[in-house]
Each structure stands twice: as C-alpha cells, then as structure tokens.
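Chemist: After the sequence you'll find the predicted model.
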Amino acid sequence: MAAFTPAPAPPTKLGVYRVLSPHAGVHVSPLALGGASIGDKWGDFRGAMNKDSSFKLLDAYFDMGGNFIDTANTYQEESSEEFIGEWAEKRGIRDQLFIATKYSLLYKMIDPTVVQKVNYTGNNAKSLHLSVEASLKKLRTSYIDLLYVHFWDYDTSVEEVMDALHTLVLSRKVLYLGISDTPAWVVAQANTYAKAYGKTPFVIYQGKWNVMERSFERDIIPMARSFGLALAPFGVVAGGKLRTDAEEQRRAESGEKGRTDMGTDWRRNEDEVKMSRALEKVANEVSAKSITSVAIAYLMQKATHVFPIIGCRKVEHLKGNLEALDITLSEEQIKFLESQLPFDVGFPVNAIVCAMSRHRFQFLAHPHDLGRWKRNLFLHESRGSLPEDAVSSATGGTAASLAVKHYLRANLSEKEDASSLLEAAEKFI
C-alpha cells in the first residue's frame, strides 16, 4: 500500500511544480533562481558571491523545493556554471534539477589563452558547438535541460540556428530550447520554420519585464501566446530599484550601494519612487511584507506560464520573494499599479484603435460574425479603456446581445461608464 500513500506536502510553494509550457511537459518550480550573481568574478558590477555563499543560496533554494536554475555561459566569467555544476555534483542531485543555460555571448572574453575569439560568440553553429561542449564540462553533466539562444545576432539565418539546435536535441545533449532578447518576429519565423520542417521549436522566451518596464507586452506576450511559449522574465524587481522609502534611507545611512552595472545609480529616480510607493500601498492592502513580492505577483497574474527569474545573493531575500506565491491581486490593484506609469502599446495597435473609433459605425457585428467583436474587444483591452467586469460580462448572453455589446464597445470613450452601458444593453435585449 506504500505506493498509494499520498506524497508529502512540499516544504514551500516552490515545490508546487508547474508544467513549463504547452509544448514542454516537464515540471518546474514557479520561481527560477537566477545564476547571474552566483560566482565570484563580477564584483559590484552585477553582484558576486564566493563559493560558500553560492552553495548556501543554492542549498536554501533546493531545500525549499526549488528545481529551476537559470544561468548562462558568460555569467560571472564562467564561474556561475562552474559553481552550479560543482554544487549539484557534490550534493548528488543533478537529475532532480532543471538547469537552463545560454549561448551567444562571448564567454571567453578574458581568457588569455584564446587569441582568436571571433567564433566564441554569435548564434552560428560553431559558436553553439563550442559553447555547449564547454557548458557541459562546467556544469559537470551529460545534458542541459534548457538551452537558450541568448540574443539574436542578425548574422546567422533562422535555418542555421534551428537546424543546429535540433541536432543537439536529437543527440540528447539538450532537452528543451528557449530564446532570449530577440524580436518577436524572429521567434515567430523560427518556430514556423521548425513546425514546417520537423525541427524542435522554442518553448520559452526570456526577456526583461517588470511593473515599470512593460514593452514586453507589446509584441512578445502576444507572440508567446500564439506559439505556446512560456515566459521567463528577468529584472522583475527593476534591478533592485523597487524599495520603500525606509529601505532607501537605510541604504543611504549604511553606505550600501548594490549593483553598479551599466553605470546605473543605486539611488531611485522619480518614477521608481512613485512606483515603489504604489507597490507599498498595495502591499499594505494584501498584508504583504515585501513590495518586491507584490511586483513579482503582478507579473504572474498578467499571463499564463510565467516563471519569474529571482536574482538574489541573500537567503533572506530569496525567502522573502516566495511570498509572491501567496499573493492574489485584484483587477483594481493591477490597474492602480499600471496607472502610475501609463504604457503605450504603440503602433500598429494604437493606430488600429484610432481607425476603429473613427469608423465605429461600421463595426456593428452580424450575430454570427463574432470575429470582429473579439478583435474590437482585444484592442479596447489593450488600450485599457474597459473595466474587467465589463469585459467578463461580455462572454455570456445571446448572439444578439453580443452584437449590441460589440457596438457599445466600438462607441465607448475612455470617460464613459462601460458597465452601466452594458447593463442597459442587457435590459434592452
């Protein structure tokens, strides 16, 4: 009967695993541990940790149920992969982990023994081969769970990239493929090619996304939704710039400056202060201890299959971020946060919205023509002019009421009360 004994509860919600994506059935933790700070070569540039500190952080993540670790061939001048590989080997847990790494960046930049470095970077097949073989050695493993294209180099063709990556999957040196920091149209082209020619597609996209930087929502999220890609946002707490006024004061008094990568200033700018205060307000409303956990929870409610990458150097920070898994934000709270820094979805969506409002009399849908209604609703949602209750209420009712609701949406201005108009339409029908 032991085989039918229920599994023990996980130590934390990191152990409540989720399917990675619609096209990748592997189970991973809801929060990935970022490896950019694991290693001892970057100093204050992006944070660094010695081997003992790195192992303590990795142990804490694993002991709390975490299995999803994100690194890259170039992080900490290769010491990130080295530390993670040594740690996993010493603990004897390699196969319990889901390790993601990346190729494309020049990982031999400071190696004096490599004089000709030109083909140690880029997306080409030689760069890929050299990087993967090196990563396998550093990670002390025979396979990589998830390999990302780190960035698009605009030199290598989609066909060469997808063919070379597919060969690695066939060899079982790589199990899943992802892509990072690449235009949506390139990913669409790559996965279309993969589907047409029987190659392995990308199943996850990694990029910068947070409550302050929402360009990710313009093309990347719609593309990912269309092709069934998961999302792995980094920079989820805006590089540590989301903090309370009290924390800012403490840092000023202690002299703690944090990261200095790319010439950034540790102090918050006006927008960061504004958003931090808004997050603090919402944190108080949901009884959250940390505003960063609210920022992470915000992303996880914006789309499906979202796996935020948590970068930290202290175990207490890691534990604090787990609070995000217990937070549920209301639509009003999400809209409040987004109102602090309005986001322009940009062309062509904003142009389509303008054109539709100009010719809105043409958009009264035939009862069976719901395609136009769906398009119109999507555009209004993108503009943020309809409250969520109005959007959800439109999913029910007869075809005739849908057509009337569609017409009302086409005629609504941002100042009009959509809920009352839709309610009136229901009574009319």
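Modeler: The structure has been received and is ready for your questions.
Chemist: What score does residue 348 have for pLDDT?
Modeler: If you check residue 348, the pLDDT there is 85.
Chemist: Use 25 as the first number from now on
Modeler: Will do, 25 is the new start, and the previous item becomes residue 372.
Chemist: Distance-wise, check it relative to residue 82.
Modeler: 45 Å (CB to CB, to the nearest Å). C-beta here means a position set from N, CA and C on the backbone, and glycine is covered the same way.
Chemist: so how far is stretch 247-267 from its chain's centroid?
Modeler: 2 Å (CA atoms, centre = their mean, to the nearest Å).
Chemist: Oh, that last question was meant for stretch 126-144, not what I typed.
Modeler: 28 Å.
Chemist: Report the mean per-residue pLDDT for it.
Modeler: If you average the pLDDT values across stretch 126-144, you get 94.
Chemist: I would like the residues contacting it, please.
Modeler: 95-98, 101-102, 145-147, 150-152, 154-156, 158-159, 171-175, 177, 204 (CB atoms under 8 Å, 6 or more residues apart in numbering).
Chemist: Show the end-to-end separation of stretch 113-126, please.
Modeler: 20 Å (CA to CA, to the nearest Å).
Chemist: Name the residues of that stretch that are buried.
Modeler: Within stretch 113-126, the residues scored as buried using 16 or more other CB atoms under 10 Å are 118, 121, 122, 123, 124, 125, 126.
Chemist: about what we covered before: higher neighbour count, residue 372 and residue 82?
Modeler: Just comparing residue 372 and residue 82: by other CB atoms under 10 Å the higher neighbour count belongs to residue 82, 23 against 9.
Chemist: Double-check that the more buried one belongs to a helix.
Modeler: Yes: Residue 82 forms part of a helix when assessed by DSSP: H, G, I helix; E, B strand; the rest coil.
Chemist: Correct me if wrong: it contacts residue 108.
Modeler: Yes: assessed by CB atoms under 8 Å, residue 82 is found in contact with residue 108 at 7.0 Å.
Chemist: which residues sit in contact with residue 46?
Modeler: 252, 329.
Chemist: Give the residues shared as contacts by residue 82 and residue 108.
Modeler: Joint contacts of residue 82 and residue 108 (CB under 8 Å, 6+ apart) are 62, 93.
Chemist: Please, where are all the strands along the chain?
Modeler: Using DSSP state E, the strands of the chain run over 42-45, 48-52, 56-58, 92-94, 122-127, 168-173, 198-204, 226-232, 254-258, 333-334.
Chemist: Let me know the pLDDT of residue 440.
Modeler: 48.
Chemist: so what's the nearest residue to residue 96 once chain neighbours are set aside bridging to?
Modeler: Leaving out its chain neighbours, the residue that sits closest to residue 96 by CB to CB, 6 or more residues apart in numbering is residue 126, at 3.9 Å. Residues in a beta bridge with residue 126, per DSSP bridges, are residue 172.
Chemist: ok, residue 126 to residue 138 distance?
Modeler: Residue 126 is 19 Å from residue 138, by CB to CB.
Chemist: that older thread, residue 291: which of the strands of the chain is closest?
Modeler: strand 226-232 (20.5 Å; CB to CB).
Chemist: Report the angle between the closest one and strand 254-258.
Modeler: 20 degrees (axes from the mean of the first three to the mean of the last three CA atoms, to 10 degrees).
Chemist: For the most centrally placed residue in the chain, list each beta-bridge partner.
Modeler: Residue closest to the average C-alpha location in the chain (CA atoms, centre = their mean): residue 257, at 2.2 Å. Under DSSP bridges, the beta-bridge partners of residue 257 are residue 231.
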